[in-house]
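*Asks:* quick one, what's the 3D model for this:
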Amino acid sequence: MKVTVTGAASGLGRALAEQCIARGDDVLAIDITACDLACETRVLDLTEADAPGQIAEHQTDLIIHSAGISGTGPFEDIPAQHHAKIISLNFEAPLQISCALLATGQRPHHAFVGSLSTFTGYPGATSYAASKDGLAAFAKSLGKAGHRTSCIFPGPLRTDHAARYAPDNSAKTVAARQSPEDAARLILKALAKGRRLILPGIKAKGFAVMGRVLPGPTAQALRRALYEQIRTPKT
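*Replies:* Residues are numbered from 1 along each chain as shown. Okay, the predicted model is just below:
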């Protein structure tokens, strides 16, 4: 299988790329920084106008849109240009890449990494939540149009990205986060089965259920654990 993974230099993207390589896939790993992986790699800024076309030159059966950034803290305290950067990379880039791929006549399986914020909101990272919620709606709508799509909703992961934006990186909190390797294994298993909505792990499934069944208390718990703990914006 020919697989393209964005955001492959670290975190979940890297774990997904490594496991695809290990199972024998022909992998193209893309990131804004160099990827030291045993596959074809490309350094690319996905927000640049020519990035989608460059990616579409590569034949792919499965593309995993894992690249993303966040920004945490009070919405009004985060610079407007950073909000725009979040939307550009997390939401607009996957749309443009999908459009470019389909324009070539390719019909790959599109897998988008969303966020559990879709099930409850994210008071500490509003533009991040907006970008990921939009991505989930796009995946669903593109799927309804007859394309193969999946949206992945991982919980907190033990990655540098999570540590950068989280208010609490105590040993206990970090240990409670899911490893990217475990999440990647569950994600690839679900993708192989053609699952459209993927919640990798018991905690992710439980949070999604709580967000739907008890939206108020879940949102309040997030507000206390995240928003109220982040007084200095993190971008």
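*Asks:* can you map out the helices along the protein?
*Replies:* With helices called from DSSP state H, the chain shows them at 11-22, 51-56, 80-87, 93-103, 126-144, 160-165, 171-176, 180-192, 202-213, 215-225.
*Asks:* quick check: which of those is nearest to residue 62?
*Replies:* Nearest to residue 62 among these is helix 180-192 (6.9 Å), distances taken as CB to CB. C-betas here are computed from N, CA, C, even on glycine.
*Asks:* so which residue is smack in the middle of this protein?
*Replies:* residue 113 (3.0 Å; CA atoms, centre = their mean).
*Asks:* surely it meets residue 159?
*Replies:* No - counting by CB atoms under 8 Å, residue 159 is not a contact partner of residue 113; they are 11.9 Å apart.
*Asks:* what do the two both touch?
*Replies:* When contacts are counted by CB atoms under 8 Å, 6 or more residues apart in numbering, residue 113 and residue 159 are jointly contacted by residue 12.
*Asks:* follow-up on the earlier one: where's the residue nearest to the centre of the chain relative to residue 204, distance?
*Replies:* 12 Å (CB to CB, to the nearest Å).
*Asks:* where do the contact lists of those two overlap?
*Replies:* Counting by CB under 8 Å, 6+ apart, the residues touching both residue 113 and residue 204 are residue 154.
*Asks:* hmm, back to that, for residue 2, find the nearest of the helices of the chain.
*Replies:* helix 11-22 (9.9 Å).
*Asks:* with just CA atoms, put the closest one into PDB.
*Replies:* Output of helix 11-22 as PDB, limited to C-alpha atoms (Å, rounded to 0.1, in the frame of the first residue of the first chain):
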ATOM      1  CA  GLY A  11       4.500  12.400  17.800                       C
ATOM      2  CA  LEU A  12       1.500  10.500  16.400                       C
ATOM      3  CA  GLY A  13       2.500  11.200  12.800                       C
ATOM      4  CA  ARG A  14       5.900   9.600  13.300                       C
ATOM      5  CA  ALA A  15       4.400   6.600  15.100                       C
ATOM      6  CA  LEU A  16       1.900   6.100  12.200                       C
ATOM      7  CA  ALA A  17       4.700   6.400   9.600                       C
ATOM      8  CA  GLU A  18       6.900   4.000  11.500                       C
ATOM      9  CA  GLN A  19       4.200   1.300  11.800                       C
ATOM     10  CA  CYS A  20       3.300   1.600   8.200                       C
ATOM     11  CA  ILE A  21       6.900   1.200   7.200                       C
ATOM     12  CA  ALA A  22       7.200  -1.800   9.500                       C
END
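*Asks:* got the angle for it vs helix 180-192?
*Replies:* 60 degrees (axes from the mean of the first three to the mean of the last three CA atoms, to 10 degrees).
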